[in-house]
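[1] Have a look at this prediction, sequence included:
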Amino acid sequence: MTERTRGLLILLSAAAIVGAYLGLRQKPKTTELPVLPSASAPSAPSVSPPRRVTVAEIDATLKALGGAVRAPAGDPASPWALAHGMVAFGSDFSARDGRSARDVIVGFAEPTTIGTDQLFLFPVTKAANPVEPHRFLLVKTLLETDVPMEQRFVASSGDKLTLARLVADLRKAAKAPESDSDYQHVAWQISALAEHVRREPKALDTPPPLGPLLALGLARLEADHKVVEEYSGPPEHAFDEGSPLHRAKRDKSGIYGHSCGGLHLVQAIASAVKVAGTDDQKRRFRRQLGVLLYRYELERPAYASLLLRHPEQGLLIRLQQQKFFGHLVETLTLAKKLGLTEPETEGGKNVDRVIFFAAADTVDVAKGLLDGGVYERLDAIRKDREQTYLDLVGDACHALRGLTRARELL
């Protein structure tokens, strides 16, 4: 358990978390889970209700937050950072040394022998800098930002290769998830394969075929979201100490066992369902979007109330808010962009509503971090807590992509 997670769980245990009820969830199927009171905690302060973001707020945040993270995202020693820069700023993003981010990224590819094949893959780290902490994150990013398949690059070995070669090698190295660890990485694999099919539909049945991986990923998402879906009590008690949701966060189980609260997995399933899903899988995915809206109803007041109660832990809590809200806007706008939200239905309208609510939350969190001078102290933060530094950069980049997409909807 990281220091950041431990601190947040201590706060969750200490506070009765209250907030505004949005009326977004359906009636729960079960009332088996009890409401666990936090009798020793004082009454929680009121939390501001959600509000709709404005164009001016998004534009100001894109400028200020984008300006704050452009340089750290351009770190030429960190392909992970450069990939996040491409997420935020597009495929033409450049490293701080002036080189194209895509060229620098592929320059870290290493010839790797697997069986009888020599494949160009990426290490997890190099010289203590993150390269590809999630398997296939880099190729997935090159694909989704529309880097040309035949563009030529130079690998670390001096070999010349194309994105098409990297994709072919990814396919040879990819495998069906078998362990919890595999499932925690499978989102990037599914996304990469779905992006390849989006660009080259004939790749749908190329080994490994996307269909079986989609089926596994969707089933895992449904199973891991159960801890949220089955909670039937008031939002203000959702994360009380001893509740199933509190235990899931503490133990990093269920949906909270995945990076960024499983939102990368939701995005991966969205992309795969779009290009390879059956009608039933699309219906099941829309249900998971409903669970995600319910999570917003529960998690928004949790973080807001904690911030009111514990301003001394402002950085810790705002980091969690930026991670959740930024990825949420990114995820919901992706689903809408892919045509998976049925905008004429009440569920689709709720998705639109939460996009603009969560975008306003993202704007507010970014303002708090920027006004507090956090991004001006990145070097000092990195020396003290590397993971906090990475979260400030990476989560901001995902938030920027989410806000950019939300801006297009206004």
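    Received, thanks.
[2] What is the burial count for R152?
    12 (other CB atoms under 10 Å). C-betas here are computed from N, CA, C, even on glycine.
[3] On the pLDDT front, check it for me.
    pLDDT, R152: 97.
[4] just checking, it touches L163?
    No. If you go by CB atoms under 8 Å, R152 and L163 don't touch, sitting 9.2 Å apart.
[5] what's the weakest-modelled helix or strand in this protein?
    When the helices and strands of the chain are scored by mean pLDDT, DSSP states H and E, helix 3-14 comes last with a mean of 44.
[6] In the stretch 251-400 of the chain, what residue spans correspond to strands?
    Counting by DSSP state E, counting those that start in this stretch, the stretch 251-400 of the chain has no strands to list.
[7] how about the strands of the stretch 1-150 of the chain, start to end?
    With DSSP E, counting those that start in this stretch as the criterion, the stretch 1-150 of the chain has strands spanning 110-114, 117-121, 125-126, 129-130.
[8] will you turn these into a markdown table that also has mean pLDDT, distance to D97 and mean neighbour count?
    Converted to a markdown table, those look like this (pLDDT from 0 to 100; distance: least, CB to CB, whole Å; neighbours: other CB atoms under 10 Å):
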| stretch | mean pLDDT | distance to D97 | mean neighbour count |
| --- | --- | --- | --- |
| strand 110-114 | 96 | 21 | 12 |
| strand 117-121 | 97 | 23 | 16 |
| strand 125-126 | 96 | 16 | 14 |
| strand 129-130 | 94 | 14 | 18 |
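[9] wait, which of the ones you listed is closest to G277?
    With CB to CB as the measure, strand 117-121 is the member of those nearest G277 (28.2 Å).
[10] residues touching the residue nearest to L340 when sequence neighbours are not counted, list them.
    Once flanking residues are discounted, L340 sits nearest to A270: 6.0 Å by CB to CB, 6 or more residues apart in numbering. Counting by CB atoms under 8 Å, 6 or more residues apart in numbering, A270 makes contact with F285, T331, L334, A335, L338, L340.
[11] try it again with 6 Å
    A270 sits next to L334, A335, L338 when contact means CB atoms under 6 Å, 6 or more residues apart in numbering.
[12] pLDDT at it, what is it?
    98.
[13] Check T2 too.
    In this model, T2 carries a pLDDT of 47.
[14] circling back: would you convert the contacts of A270 into a markdown table that also reports neighbour count?
    Listed next are the contacts of A270 as a markdown table, based on neighbours: other CB atoms under 10 Å:
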| residue | neighbour count |
| --- | --- |
| L334 | 21 |
| A335 | 25 |
| L338 | 16 |
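[15] residue ranges with poor pLDDT in the chain?
    1-45 (pLDDT under 70).
[16] By residue count, tell me the biggest helix in it.
    If you go by DSSP state H, the chain has its longest helix at helix 279-309.
[17] chain center to that one, what's the gap?
    How far helix 279-309 lies from its chain's middle: 13 Å, per CA atoms, centre = their mean, to the nearest Å.
[18] try stretch 374-388
    Centroid separation for stretch 374-388 versus its chain: 21 Å, with CA atoms, centre = their mean.
[19] which residues of the stretch 151-300 of the chain fall in helices?
    Applying DSSP state H, counting those that start in this stretch to the stretch 151-300 of the chain gives helices spanning 163-173, 180-199, 210-229, 244-251, 263-276, 279-309.
[20] Likewise for the stretch 301-410 of the chain?
    314-337, 346-371, 378-384, 386-409.
[21] Of those, which is nearest S94?
    Of all the helices of the stretch 301-410 of the chain, helix 386-409 comes closest under CB to CB, at 14.7 Å.
[22] so what does that closest one touch, helix or strand wise?
    Contact analysis of helix 386-409 by 3 or more CB pairs under 6 Å, 6 or more residues apart in numbering; DSSP states H and E lists helix 55-73, helix 79-89, helix 314-337, helix 346-371, helix 378-384 as its packing neighbours.
[23] Quick one: list the elements packing against the second one.
    It refers to helix 79-89. helix 55-73, helix 101-106, helix 137-144, helix 386-409.
[24] hang on, the earlier thing: how much space between the residue nearest to L340 and Q387?
    In this view, A270 and Q387 are 27 Å apart by CB to CB, to the nearest Å.
[25] ok and the longest helix of the chain relative to helix 210-229, angle-wise?
    Orientation of helix 279-309 against helix 210-229 (axes from the mean of the first three to the mean of the last three CA atoms, to 10 degrees) gives an angle of 40 degrees.
[26] Now do helix 279-309 against helix 346-371: the angle between them, please.
    40 degrees.
[27] just checking, what packs against helix 279-309?
    So helix 279-309, by 3+ CB pairs under 6 Å, 6+ apart, packs with helix 210-229, helix 263-276, helix 314-337, helix 346-371.
[28] Need these in JSON lines (columns: distance to W80).
    Converted to JSON lines, the helices and strands packed on helix 279-309 look like this (distance: least, CB to CB, whole Å):
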{"stretch": "helix 210-229", "distance to W80": "22"}
{"stretch": "helix 263-276", "distance to W80": "14"}
{"stretch": "helix 314-337", "distance to W80": "16"}
{"stretch": "helix 346-371", "distance to W80": "20"}
